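In: Have a look; sequence and predicted model below, questions after that.
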Amino acid sequence: MKRSDLLFVCCLILFFLPFFISADVFNTYNSFNKEHGMIMSFVKFAILATLGEVIGLRIKTGKYNAPGFGILPRAAVWGFLGLTIKLAFVIFSSGTVSFLTYMGMENAGEAIKGGFTMDKLFVAFCISVFMNSIYAPLMMTLHKITDTHITNTGGTLKGLFTPIDFRGIIGNLNWDVQWNFVFKKTIPFFWYPAHTITFLLPPDYQVLFAAILGIALGLILAIAVNKGK
């Protein structure tokens, strides 16, 4: 382990330790999370999903930052994506329950709110499948576009807010990797089961768990970049 790795781990421990050793800090977090869910979604993804990309960069290059990588622009983008993910959670949770009720599963609403049962597992799995099949590909593609834009503009916050060349970036995306690895492999084999677990959790913890999974997403996207190269 390099000195930079030890420093990185120590910083992570110092950042998260107060939530585990102080009841006041943890209760304050819970209270703010309940009252300001969208704000906390932005914060959680800005921190945790960006952390995943930083770890991915460390795996690829041996460094936690690099010229043009743009940690702050990436955090801003992940914060925005976190808002859309929270929105997707609300829409697909309620929409899937309504659909299953319409299809004859009259206890779908009660099942997802209650304790663990096979019915709850089925509803959570359906929410995950619908959300990851419909929303996830769009989100992942948008992330890839913004990721490329950040790199093309030198990894600066000023560059992030310049017009994005959607046509040029989309035309040059490696769709072989995007389709055959990111979509066809990670969505059914990782995100379906991972978000099934997410929707089995109490609502106040779902976005936090999803943001933690964002670390995994950052690693997956880093692997996808390597595959593309």
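Out: All right, it came through fine.
In: if you go through this protein in chain order, where are the helices?
Out: Per DSSP state H, the chain carries helices over the ranges 3-21, 23-35, 37-61, 71-102, 108-113, 118-134, 136-152, 157-160, 166-172, 175-177, 192-200, 203-228.
In: Name all residues that make contact with residue 34.
Out: Each residue near residue 34 by C-beta atoms under 8 Å, 6 or more residues apart in numbering is listed here: residue 204. Glycine gets a C-beta too; all of them are placed from N, C-alpha and C.
In: And for residue 191?
Out: Shown in contact with residue 191 (C-beta under 8 Å, 6+ apart): 128, 132, 136.
In: again with residue 89
Out: For residue 89, the contact set (C-beta under 8 Å, 6+ apart) comprises 131, 206, 207, 210.
In: Dump these to JSON lines, plus pLDDT and distance to residue 147.
Out: Putting the contacts of residue 89 into JSON lines (pLDDT from 0 to 100; distance: C-beta to C-beta, whole Å) gives the following:
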{"residue": "131", "pLDDT": "97", "distance to residue 147": "22"}
{"residue": "206", "pLDDT": "84", "distance to residue 147": "25"}
{"residue": "207", "pLDDT": "78", "distance to residue 147": "22"}
{"residue": "210", "pLDDT": "83", "distance to residue 147": "19"}
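In: can you name the two of those residues that are farthest apart?
Out: Spatially, the most separated pair among those is 131 and 207, at 13.0 Å (C-beta to C-beta).
In: picking that back up, please name whichever of the helices of the chain is nearest to residue 186.
Out: Nearest of the helices of the chain (C-beta to C-beta): helix 203-228, 5.4 Å.
In: How about the most centrally placed residue in the chain: what's its closest non-neighbour residue?
Out: By C-alpha atoms, centre = their mean, the chain has its centre lying nearest to residue 214, at 3.5 Å. Spatial nearest neighbour of residue 214, excluding adjacent residues (C-beta to C-beta, 6 or more residues apart in numbering): residue 49 at 3.2 Å.
In: how's this protein carved up into domains?
Out: The chain resolves into domains spanning 1-35, 37-228 when parsed by automatic domain parsing.
In: Kindly provide the distance from residue 154 to residue 70.
Out: 8 Å (C-beta to C-beta, to the nearest Å).
In: Same question for residue 20.
Out: Applying C-beta to C-beta, one obtains 31 Å for the distance of residue 20 from residue 70.
In: Which one of those two is surrounded by more residues?
Out: Between residue 20 and residue 70, counted using other C-beta atoms under 10 Å, residue 70 has the larger neighbour count: 25 against 10.
In: need the contact list for that one.
Out: Here residue 70 is in contact with 150, 151, 154, 155, 156, 157, 159, 160 (C-beta under 8 Å, 6+ apart).
In: Select from those residues the one having the most neighbours.
Out: Neighbour counts for these, by other C-beta under 10 Å, peak at residue 150, which reaches 24 neighbours.
In: Wait, that one touches residue 78, no?
Out: No: applying C-beta atoms under 8 Å as the test, residue 150 and residue 78 come out as separate, 11.1 Å apart.
In: returning to what we had before: now, of the domains of the chain, which is deepest in the fold?
Out: Across the domains of the chain, averaging neighbours per residue (mean count of other C-beta atoms under 10 Å) puts domain 37-228 on top, at a mean of 17.
In: who touches residue 38 in this structure?
Out: By C-beta under 8 Å, 6+ apart, the neighbours of residue 38 are 83, 86.
In: Tell me the predicted confidence for it.
Out: If you check residue 38, the pLDDT there is 91.
In: ditto for residue 51
Out: 88.
In: quick one: contacts for the residue nearest to the centre of the chain?
Out: Counting by C-beta under 8 Å, 6+ apart, residue 214 touches 44, 45, 48, 49, 51, 52, 78.
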